[in-house]
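**Q** below is the sequence, then the predicted model.
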Amino acid sequence: MVDPAHSPAAASFGGLRKGFLFSQKPTAPAATCVGEGAVECRSDHRDGTIEKPHIAERAPPSASVQPPSSAAISLALNATAQPAPAAAASLAPSRPGEGQVQGVTPKASPTPTSTSGAATSATASPPPMWGVHIEALRALRKKAPATITTAALCETIIKPATAADGGHADRPYTDLLLGKLASDKTPMVARATCFVSHAWAGPFAEAVECMEEHYRAHRGTYFWFDAVCNNQHDSRAKPFEWWCTLFKESIRAIGTMLVVASPWDSPLPITRAWCLFEMYSALDTEAAVKIAIPPSQNRGFIETLKTSFDGDCFTKIFMRLDLKNAEASRPEDQQQIFEVVRQQEGGFLKLNTTVKEFLRKQYLEASVAVVSAVVAKFAGVEDVSLLLNIASALHKHFGEHERALQVLEFLERTVLDMVRGTVKSRCLSNVYLNMGAVYNVMGKQDNAIRCYQQSREQYEIVAHISPVETYYAEFHNNIANAYSNKGDYQTALKHHAEALALRRRILGESHLDTASSYGNCAHTHYLMSNYDKAIELYRRALNIRDQIQGAKHPDTATVLDNLAAVYQCKGEYETALAYYIKTLTYRKASLGDHQMTFATHGSIGLVFKELGRLDNALKHLDLALAGSLRTLGPMHSATARAYSNKGLVLALKEMYPDAISCHTKALSTVLQIHPPNHPEIAFVQRSLGCCYNAAGDASRALDHLREALRINQIAIGENHRDTAETHASIAEASFNLGDRAAARRHARAALAAFEAVGIADIFPRAVSTRKLLAMLG
């Protein structure tokens, strides 16, 4: 990868490159970004469900952008290979191919005279693992057809070459290489320094490609590649203790693992029990693990980011990762692995989340590597589309809001002078739209509104030259979401109504974007507690989607989900439950084990809570939490919300220690994944404070509630429903402490805020606060 520090364009981009460090942040909820290479997502209610993204106009692919070398794509948590210590010794893992288990281990000798021998017991002191020089693998590749799989290579080349003959017993392929030297005069067989994890059903040539790239970066590497280093004729199974101890120690001793991620958008290793267990063992023993995309697939990775980026592709990869569904050629191997995992602390959940979080980081850094390569050779407006796509992915799917802003700020600085006053000012207009989307998700609504206004200014410079009919609808939609998140619902509704009118005129009534605008208007009425109007508008959106997409389409299910939420707020719980159950049925059928499916379980659980059926509520909330952990991981806002929701029910069951534990986990997560003073932190602080208040600890409750109020006042201002609810909670806790003056002061502040947003007479919390104030006198 070219170092951007040596590029003229990099001079203004140095802060971006310097700041690109790993951080565990979540996928952002309900973004609003639109423009060339960006996605406009329309939030429909506060729980984060969204209408189908609208893909806006994209710039054409740029021929000037060359894919970075796979050294840029093959990324490591540790930058350098970690060869095994000279004294390290371990039993060679015997991962089978198509039905073979290899158990023969090498003699403990610095220079091997044979890599075969008797099977070692699980308690014996293990000898070292032998690896092969890259030239041995290169030679095998030349012997085989270009598309041969590793499994077929084993059957057609390796096993015939290593079968018993008059002078030799069955042996591993490495025995054929003993005593031979590579062209650099080093042995063809030596102690392994890199363990290769791959799927036997994958092309052998792609595995060699990845090892070639690794070798170029780390000369002197010896690869432990199971098909070559294990005796493919030995089918003896390993004892249980071997899996628990020596297998991990083998990987620890080697020190580095290379995972062949092929194909890049649907890696076979995440579907194989052996590969998942290998990755987990390496991570658990703190070995350096590297994900390698075969160089032949680099261009496809770049083109996906450049022209038709589907931000969900990474989510889909992570969703497929589940050891319980992973396969193995030998059922007994699968069962042995499962049993080992069950007996370890955290079990399947720990393995899945550990590997998933690692993969998330690797794909994130692969995307960042593309950014660095593009910046190093920035070709001007032709590259804007690609960088906008990546910025959208960084904030929407990886939750890397600061990194996304750095990309967008680079574009702002670099493109501004290039396009000022020209037809290409639309590029800068779209940069500002995307920048506003990121600020909106970060809870910086004033910054978001300013960016949206700058976007409009840039567009209007050239609107007479290159008009885009739908631009103003997109502008009104995005700025409306920012005002809505700020709590200015009247202004938000005005802009959403403008977007709806434009879309009806330009696109017609029966268009999905028109349906989205109906949904957004409905959402704003929902926030204002105009529930009947919200239901009317959601039904219009539902009718359009029924006609165009069908009743069981995931986006139609989203509207059903939103309708259920409105009925839930109206207190019509049985009707809400019926809609949620229908939503769940459709999502299971169309999405399967998707995060939205599990979110529906959470909604059903909350309705059961309101109905007083707390055991049913916990059942669904547990499903929601487990599903969120599995599909999104622990560091995600949806997972934090799932913990909080479960805490609400546990508190009602008077299981206060467990409830507080759930809210505390939620708080720990949001503090790590969100910037300071984010509204979601305030929400969790308020939930935890209310739990302490219910548990009888009003003093501790006030600590959390005051912190929630401080954040609310900074992030969303005084006149917002969330701020009003926090004042109401403080009034209740103060009353419980006997501080009537504080209770009266905060009750009045709550009612003033409820009045400011127009819901003082209809919102249930406003009604209960008025009763408290009357009691206080």
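**A** Cool, got the structure. Residues are numbered from 1 along each chain as shown.
**Q** from here on, contacts and neighbour counts on C-alpha atoms
**A** Noted.
**Q** for the residue nearest to Glu725 when sequence neighbours are not counted, grab the count of nearby residues.
**A** Spatial nearest neighbour of Glu725, chain neighbours left out: Ala750 (6.6 Å); criterion: Cα to Cα, 6 or more residues apart in numbering. Burial of Ala750 is recorded as 31 neighbouring residues (other Cα atoms under 10 Å).
**Q** any idea how far Ala750 is from Val767?
**A** Computed with Cα to Cα, to the nearest Å, the distance linking Ala750 and Val767 is 11 Å.
**Q** likewise Glu409?
**A** For Glu409, the distance to Val767 under the criterion Cα to Cα works out to 46 Å.
**Q** what does Val468 give?
**A** In this view, Val468 and Val767 are 47 Å apart by Cα to Cα.
**Q** more neighbours: which of those two?
**A** Relative neighbour count places Val767 above the other of Val468 and Val767, with 15 against 12, counting by other Cα under 10 Å.
**Q** give the contact list for that one.
**A** Under the criterion of Cα atoms under 8 Å, 6 or more residues apart in numbering, the neighbours of Val767 are 760-761.
**Q** that's a helix at it, yeah?
**A** Yes. Secondary structure assignment places Val767 in a helix (DSSP: H, G, I helix; E, B strand; the rest coil).
**Q** SS state for Asp165?
**A** Here Asp165 is recorded as coil under three-state DSSP.
**Q** ok, the one 4 residues further on next?
**A** For Ala169, the reduced secondary structure class is coil; criterion used: three-state DSSP.
**Q** ok, and the closest non-adjacent residue to it?
**A** Closest to Ala169 by Cα to Cα, 6+ apart is Ala163, at 7.1 Å.
**Q** quick one, what contacts that neighbour?
**A** Counting by Cα under 8 Å, 6+ apart, Ala163 has contacts 169-171, 233.
**Q** narrow those to just the buried residues.
**A** The neighbour-count criterion (16 or more other Cα atoms under 10 Å) marks 170-171, 233 among the contacts of Ala163 as buried.
**Q** now those residues as JSON lines including distance to Val566 and pLDDT?
**A** What follows is these, written out as JSON lines (distance: Cα to Cα, whole Å; pLDDT from 0 to 100):
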{"residue": "Asp170", "distance to Val566": "70", "pLDDT": "85"}
{"residue": "Arg171", "distance to Val566": "69", "pLDDT": "88"}
{"residue": "His233", "distance to Val566": "64", "pLDDT": "84"}
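**Q** could I get those as JSON lines with distance to Ile461?
**A** Formatted as JSON lines, these follow (distance: Cα to Cα, whole Å):
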{"residue": "Asp170", "distance to Ile461": "77"}
{"residue": "Arg171", "distance to Ile461": "75"}
{"residue": "His233", "distance to Ile461": "73"}
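**Q** list the buried residues in whatever helix or strand the residue nearest to Glu725 lives in.
**A** Element membership of Ala750 [criterion: DSSP states H and E] is helix 740-756. The neighbour-count check on helix 740-756 (16+ other Cα under 10 Å) flags 740, 742-756 as buried.
**Q** dump the helix or strand hosting Ser729 to PDB, restricted to CA.
**A** Using DSSP H and E, Ser729 maps to helix 721-737. Below are the C-alpha coordinates for helix 721-737, written out as PDB (Å, rounded to 0.1, in the frame of the first residue of the first chain):
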ATOM      1  CA  ARG A 721     -39.600  14.800  25.500                       C
ATOM      2  CA  ASP A 722     -36.600  12.900  26.800                       C
ATOM      3  CA  THR A 723     -35.500  15.900  28.900                       C
ATOM      4  CA  ALA A 724     -39.000  16.300  30.200                       C
ATOM      5  CA  GLU A 725     -39.100  12.600  31.200                       C
ATOM      6  CA  THR A 726     -35.700  13.000  33.000                       C
ATOM      7  CA  HIS A 727     -37.000  16.000  35.000                       C
ATOM      8  CA  ALA A 728     -40.100  13.900  35.900                       C
ATOM      9  CA  SER A 729     -37.900  11.000  37.100                       C
ATOM     10  CA  ILE A 730     -35.800  13.400  39.300                       C
ATOM     11  CA  ALA A 731     -39.000  14.800  40.700                       C
ATOM     12  CA  GLU A 732     -40.100  11.300  41.800                       C
ATOM     13  CA  ALA A 733     -36.800  10.400  43.300                       C
ATOM     14  CA  SER A 734     -36.600  13.700  45.100                       C
ATOM     15  CA  PHE A 735     -40.100  13.200  46.500                       C
ATOM     16  CA  ASN A 736     -39.000   9.800  47.800                       C
ATOM     17  CA  LEU A 737     -36.000  11.400  49.500                       C
END
